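*Asks:* Pasting the sequence and the predicted coordinates here, then a few questions.
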There are 2 protein chains.
Amino acid sequence: MFEIDPKSRTPVYVQIKEQIMLFVQLGLLKPDEQLPSIRELSKQLGINVNTVKRAFSDLEIEGIIYTVAGRGCFISDDAFSNSKIKENALRDLQDSIKSSIAKGISKNDILVLVDELFKEG
Amino acid sequence: MFEIDPKSRTPVYVQIKEQIMLFVQLGLLKPDEQLPSIRELSKQLGINVNTVKRAFSDLEIEGIIYTVAGRGCFISDDAFSNSKIKENALRDLQDSIKSSIAKGISKNDILVLVDELFKEG
DNA sequence: CAACTGTGATATTACATATATCACAGTTAT
DNA sequence: ATAACTGTGATATATGTAATATCACAGTTG
């Protein structure tokens, strides 16, 4: 279910965070569903336990998941009720688009790209 | 003309690169126009010479500017003829949009944002 | 009790960013 | 020729982040 791209410039723990958030968005992970344990997931992905722990801790702070001591981590009921994440995402996206405009990307380039991304997903 | 946001999470040398590329896009910097010297610019911005040097060296490798020994740095005639920059920009933008989708940003959110950015600029 | 969960702390390695200095070489104007 | 400017190159240092490697501790489950 999970996959990591070691070549990517985005940190591994961020890749994990975003995959989990995406799976929640897509409905592949539902409220109160249990996530793989950090040891299990670290084995699967061939990375260190601490790296997975970092991702899960972040997600818990952001209210996406909750943990039960000794049992595991689960998707929150209100995983995306908190608007802070969406606000931050919008701000980051704005920076990225501005940056791309500086490099010669046109409005049409962006619209085509957006269409493609929402066609596939 | 140039401005740096020290609070921003994007590295200072990247901010400089992107401002120069943006100014070229906007026609504020034209082919063969001379840039401020790295010492001058570092004074203006209150940052180290090496940081400006890093930005200029990057831009030269990317073909955006060229340098004449002892004279200074200038905008290339073919600053944006090289498609590598646009390709990289598109790839980066794709990653950013995917990331924002994972955080609950809708297609409409993006379209509204794009409209705003192209209205102002 | 054994085997599993997450937690917490520590140490280490590697890399990126940014700074501080210094010496060197080419250009320009006086 | 000299002074004052350009960029170049190297070195050293500090800081923060990312990732790894270990270890000990505590709660849960069968």
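*Replies:* Looks like it came in fine. Numbering: from 1, shown residues only, chains lettered A, B, ... in the order given.

*Asks:* need the contact list for A:Ile97.
*Replies:* Residues counted as contacts of A:Ile97 (Cβ atoms under 8 Å, 6 or more residues apart in numbering or on different chains) are A:110, B:93, B:96, B:113-114, B:117. For the C-beta atoms, the positions are set from N, CA and C on the backbone; glycine is no exception.

*Asks:* so, in contact with DNA strand D or not, the helix or strand containing it?
*Replies:* A:Ile97 belongs to helix A:83-102 when elements are defined using DSSP states H and E. No: Helix A:83-102 stays clear of DNA strand D (Cβ under 7 Å from any atom of the strand), getting no nearer than 13.4 Å.

*Asks:* Report the inter-axis angle for that helix versus helix B:84-102.
*Replies:* Helix A:83-102 and helix B:84-102 meet at an angle of 170 degrees, taking axes from the mean of the first three to the mean of the last three Cα atoms, to 10 degrees as the criterion.

*Asks:* So which elements touch the helix or strand just after helix A:83-102?
*Replies:* Counting by DSSP H and E, the next helix or strand C-terminal to helix A:83-102 is helix A:107-120. Using 3 or more Cβ pairs under 8 Å, 6 or more residues apart in numbering or on different chains; DSSP states H and E as the contact test, the elements touching helix A:107-120 are helix B:84-102, helix B:107-120.

*Asks:* so what's the most centrally placed residue in chain A closest to, chain neighbours aside?
*Replies:* Compute the mean C-alpha point of chain A, and by Cα atoms, centre = their mean the closest residue is A:Glu18, 1.1 Å away. Of all residues not flanking A:Glu18 in the chain, B:Ala102 sits nearest, at 4.6 Å (Cβ to Cβ, 6 or more residues apart in numbering or on different chains).

*Asks:* Quick check: A:Val14 is in a strand.
*Replies:* No: assessed with DSSP: H, G, I helix; E, B strand; the rest coil, A:Val14 is helix; it does not lie in a strand.

*Asks:* Now name the helix or strand holding the residue nearest to the centre of chain A.
*Replies:* With DSSP H and E as the criterion, A:Glu18 is inside helix A:12-26.

*Asks:* Check whether stretch A:8-21 comes near DNA strand C.
*Replies:* No: contact of stretch A:8-21 with DNA strand C (Cβ under 7 Å from any atom of the strand) is absent, the minimum separation being 8.8 Å.

*Asks:* which one is A:Phe80 nearest to, not counting chain neighbours?
*Replies:* Leaving aside its sequence neighbours, A:Phe80 sits nearest to B:Gly104 (Cβ to Cβ, 6+ apart; 5.0 Å).

*Asks:* cool, and A:Glu62?
*Replies:* A:Ile85 (5.9 Å).

*Asks:* Using neighbour counts, pick out the buried residues of stretch A:35-52.
*Replies:* A:35-36, A:38, A:41-42, A:45, A:47, A:51-52 (16 or more other Cβ atoms under 10 Å in any protein chain shown).
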